[in-house]
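>>> The following comprises the amino acid sequence and a computationally predicted model.
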Amino acid sequence: MIHLVLGMVRYNPQQRPTASDIYTIFGGQTFDFGCITEDIDIIKRSGSRLLGLPCLVGNIEIVKQMIALGADNWNQGLCSAYEGGHLDVAELMLQKGANDWDGAFYGACMSGHVDVINSLIEKGVTNWGMGLQGACIRGHIDIVNMMIDKGATNWKEGLRCACQSGLVDIAQMMLDKGATNVNEGLWYGCMYDHIDIIQYMIERGANNWNLGLRGACASDHFDIIEMMINKGATDMNVGLFGACEGRSYDSYYMMVEKGANDWNMGLYGACWSGDLWMIEIMKIKGAKDWNGGLLYACRGNKKLVIELMCAEGARNWDGGLTEACEYRSSTAIHMMLKNGADPNILKKYPHITV
């Protein structure tokens, strides 16, 4: 019997523990959060998580056993292998058909291992912007500078990553380089409870308190919710969206008590997060924009929600395909094409392979 991670522990992927941390936690032997299964359907539904963790820590034997049981998310495995610096596991994923070089480069730059990064550059990978994001999210200043020297200029994306991880020094660097999306930085700071980032973004001009409210509601950070309201946030429906987006039920009730009543906004957030229970609540309340819900479900790559929105009457296949491509949602891409979306939309996204 094999012990598998089925996503029972909620963690911030931007602050994922290192390979050595995971080995320490699990004794380098097994990955067990109290859920044991050999159900192939479960493995296929959760394939990204199941392959991701053993690939991250480099346990190639567990990886092979997962594959034998049906796990087949090769690209997730590839990215995780490069993030952990395990080239043998990465090679196995490539042999199986993985081809997400941008994601692999992102993972390698997250790892901070120059030799791993160089191994991908030798293979012809040159997405310096993706590398900058990976380095910014983990605070590897040497890799950040390496990507800049190579030609990276995507300061806005770098700022997003720095703010997600609470790295004020990297955030300052991105702003000084030319990033202007301070309100987005505020949103990330509120979502991840980084008070230093919140204060720094305000110092640099952030003032979209409603967006900050959305971020705080997504994670039940009640002190920050009150901070944003005191600063001037007035749109409780944006907070409702954030609460449903983050499956944060206490924030949901708080927003409703404060006057939120745009149930379609709640539906959008719930569809993005894949929260079927909250979708049903929004439906009972009166939400009925199924096409809008479909777009958010495609963003989140939520297969069951996409099917539900279609059953309710959603037919915006082209819009769904566009959203799926923007967010690299592979399952949603295939579903929209199968339903009749215009395949010519894919021409706008040359990095997407079907």
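Good, I have the coordinates.
>>> which residues in the stretch 251-354 of the chain form helices?
Here the stretch 251-354 of the chain has its helices, by DSSP state H, counting those that start in this stretch, at 263-273, 276-285, 290-300, 303-312, 317-326, 330-339.
>>> Show me what the fifth one is in contact with.
Helix 317-326 has contacts (Cβ atoms under 8 Å, 6 or more residues apart in numbering) with 291, 294-299, 301, 306, 314, 329-330, 332-333, 335-337, 339-342, 345-346, 348-349, 352. Placement of C-beta: from N, CA and C, glycine included.
>>> quick one on the thing from earlier: which one of the helices of the stretch 251-354 of the chain lies nearest to His221?
Closest approach to His221 among the helices of the stretch 251-354 of the chain is made by helix 263-273 (16.1 Å; Cβ to Cβ).
>>> Show me what the closest one is packed up against.
helix 236-245, helix 276-285, helix 290-300 (3 or more Cβ pairs under 8 Å, 6 or more residues apart in numbering; DSSP states H and E).
>>> For those helices, state which one has the densest average packing.
Each of the helices and strands packed on helix 263-273 was scored by mean neighbour count; the highest is helix 236-245, a mean of 28, by mean count of other Cβ atoms under 10 Å.
>>> counting contacts, what elements does that helix pack onto?
In this structure, helix 236-245 packs against helix 209-218, helix 249-257, helix 263-273, with contacts taken as 3+ Cβ pairs under 8 Å, 6+ apart.
>>> Quick check: mean pLDDT of that helix?
The average pLDDT within helix 236-245 is 98.
>>> Same check on stretch 69-87?
89.
>>> Show me the protein divided up by domain.
1-98, 209-284, 289-354 (automatic domain parsing).
>>> Take the helices and strands packed on helix 236-245 and lay them out in JSON lines including mean pLDDT and mean neighbour count.
As requested, the helices and strands packed on helix 236-245 are arranged in JSON lines below (pLDDT from 0 to 100; neighbours: other Cβ atoms under 10 Å):
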{"stretch": "helix 209-218", "mean pLDDT": "98", "mean neighbour count": "27"}
{"stretch": "helix 249-257", "mean pLDDT": "98", "mean neighbour count": "18"}
{"stretch": "helix 263-273", "mean pLDDT": "98", "mean neighbour count": "27"}
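>>> possible to save the ones you listed as JSON lines with distance to Thr153?
Formatted as JSON lines, the helices and strands packed on helix 236-245 follow (distance: least, Cβ to Cβ, whole Å):
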{"stretch": "helix 209-218", "distance to Thr153": "25"}
{"stretch": "helix 249-257", "distance to Thr153": "36"}
{"stretch": "helix 263-273", "distance to Thr153": "29"}
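>>> for those helices, which one sits closest to Glu203?
Nearest to Glu203 among those is helix 209-218 (14.2 Å), distances taken as Cβ to Cβ.
>>> one step back: comparing the domains of the chain, which stretch has the densest surroundings?
domain 209-284 (a mean of 22).
>>> related to what we said a few turns ago, I'd like the helices and strands packed on helix 263-273 written out as CSV, with distance to Glu257 added.
As requested, the helices and strands packed on helix 263-273 are arranged in CSV below (distance: least, Cβ to Cβ, whole Å):
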stretch, distance to Glu257
helix 236-245, 9
helix 276-285, 14
helix 290-300, 24
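>>> could the domains of the chain be laid out in JSON lines, adding distance to Ala162?
Output for those, formatted as JSON lines (distance: least, Cβ to Cβ, whole Å):
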{"stretch": "domain 1-98", "distance to Ala162": "10"}
{"stretch": "domain 209-284", "distance to Ala162": "15"}
{"stretch": "domain 289-354", "distance to Ala162": "21"}
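>>> Where does the prediction get shaky in the chain?
For the chain, the stretches with pLDDT under 70 are 1-50.
>>> any idea how far Ala90 is from the closest residue to Gly97 other than its chain neighbours?
Spatial nearest neighbour of Gly97, excluding adjacent residues (Cβ to Cβ, 6 or more residues apart in numbering): Trp74 at 5.2 Å. Applying Cβ to Cβ, to the nearest Å, the value for Trp74 to Ala90 is 10 Å.
>>> sec struct for Ala98, please.
Following DSSP: H, G, I helix; E, B strand; the rest coil, we place Ala98 in the coil state.
>>> Is it correct that it is in contact with Ser80?
No. Taking contacts as Cβ atoms under 8 Å, Ala98 lies outside contact range of Ser80: 10.6 Å.
>>> So what touches the strand or helix carrying Leu92?
Secondary structure from DSSP states H and E places Leu92 in helix 87-96. For helix 87-96, the external contacting residues (Cβ under 8 Å, 6+ apart) are 55, 58, 60, 63-64, 67, 72, 74-75, 77-78, 81-82, 104, 116, 119.
>>> what angle do the helix or strand where Ala81 lies and helix 330-339 make?
Assigned by DSSP H and E, Ala81 falls within helix 74-84. Orientation check (axes from the mean of the first three to the mean of the last three Cα atoms, to 10 degrees): helix 74-84 against helix 330-339 gives 160 degrees.
>>> between helix 74-84 and helix 87-96, how many degrees?
Going by the same axes, to 10 degrees, helix 74-84 makes 160 degrees with helix 87-96.
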